[in-house]
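Engineer: What shape does this take:
(one chain, ligands or ions: 1)
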Amino acid sequence: MLPATQVKICGINDAGAYDAACYAGAEWVGFVFYPPSPRAVSPEQAAALAARGGTGRRPVNVGLLVDADDAMIEAVLAEVSLGLLQLHGMESPERCAAIRRRFGLPVMKALGIGGEEDLARLAEYAPAVDRFLLDAKPPRGAALPGGNAVSFDWSLLAGREIPRPWMLAGGLTPVNVAAAIRAAGAPAVDVSSGVERVRGVKDPVLIAAFVAAAHAA
Ligand SMILES: O=C(O)c1ccccc1NCC(=O)[C@H](O)[C@H](O)COP(=O)(O)O
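Structural biologist: Residues are numbered from 1 along each chain as shown. Prediction:
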């Protein structure tokens, strides 16, 4: 039997969402350390959420950073234990490699995919990262570099050899995630807006529905 598609719930910022992700069996939870985001948490808030127990299997904690300097990463890691750093800004391959080296943690680089030219960047980044998050490009004028509920053409990834483990993101919802997994051949998926009814506020029912749909796909 093929392993189930793995799931990351991004932008966890309250206990109900954290518990729902654990209970549903999500493999990763993402904490956004980017103050302009409505989903942002402080390192202390993330630590308190990650310390919650008795809610099922514990997911891997992912720290989402946007062009963070070393001091910021140090401040986060001083408070919360992370298993993966998600770099969601304009970090170069050299910067990704430097972060991986300095902090000794696996790095996932987020790349916006709009066409073939974006897929060519995968080879540039592959030696410097452990995983890719393939997301939609932010719409023109968007306030955030991710988490914008926008999808891209999933068929761009069909049959493609991606040089690192990867997850699909961008505009996924409990309703479309199974189709997206099939179209892209995604081994893992990431969601933020699609499990919110109000921007920045996760809905436990939608989290459960999303994880169930992805695991069953
Ligand atoms: O979610 C945010 O607020 C955010 C802020 C800054 C950079 C990235 C951000 N989110 C990135 C994610 O990991 C999202 O899950 C991914 O872009 C998909 O988002 P969505 O389309 O909302 O599911």
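Engineer: ok, is stretch 26-45 in contact with the ligand or not?
Structural biologist: Yes. Using Cβ under 6 Å from any ligand atom as the criterion, contacts between stretch 26-45 and the ligand involve 30, 32, 34, 37, 39. Backbone N, C-alpha and C define where each C-beta goes, glycine included.
Engineer: wait, I meant stretch 209-217
Structural biologist: No. Looking at stretch 209-217 against the ligand by Cβ under 6 Å from any ligand atom, there are no contacts, and the closest approach is 9.7 Å.
Engineer: Name the residues of that stretch that come out as buried.
Structural biologist: For stretch 209-217, burial by neighbour count (16 or more other Cβ atoms under 10 Å) applies to 209-211, 213-215.
Engineer: got it, and stretch 150-160?
Structural biologist: For stretch 150-160, by 16+ other Cβ under 10 Å, it's 150-152, 154, 156-157.
Engineer: So stretch 176-187, near the ligand or not?
Structural biologist: No. Looking at stretch 176-187 against the ligand by Cβ under 6 Å from any ligand atom, there are no contacts, and the closest approach is 10.1 Å.
Engineer: for the ligand, what are the nearby residues on the protein?
Structural biologist: 10-11, 30, 32, 34, 37, 39, 64, 66, 88, 135, 144-150, 169-172, 190-194.
Engineer: How much space separates the closest residue to the ligand within the chain from Ile9?
Structural biologist: Closest residue of the chain to the ligand, Cβ to the nearest ligand atom: Gly147 (2.3 Å). To Ile9, Gly147 is 12 Å away according to Cβ to Cβ, to the nearest Å.
Engineer: quick one: common contacting residues for these two?
Structural biologist: Ser192 (Cβ atoms under 8 Å, 6 or more residues apart in numbering).
Engineer: Identify the residues contacting the residue lying closest to the residue of the chain closest to the ligand once chain neighbours are set aside.
Structural biologist: Using Cβ to Cβ, 6 or more residues apart in numbering and skipping the chain neighbours, the partner closest in space to Gly147 is Ser192 (4.4 Å). Ser192 is in contact with 9-11, 30, 39, 146-147, 149, 169, counting by Cβ under 8 Å, 6+ apart.
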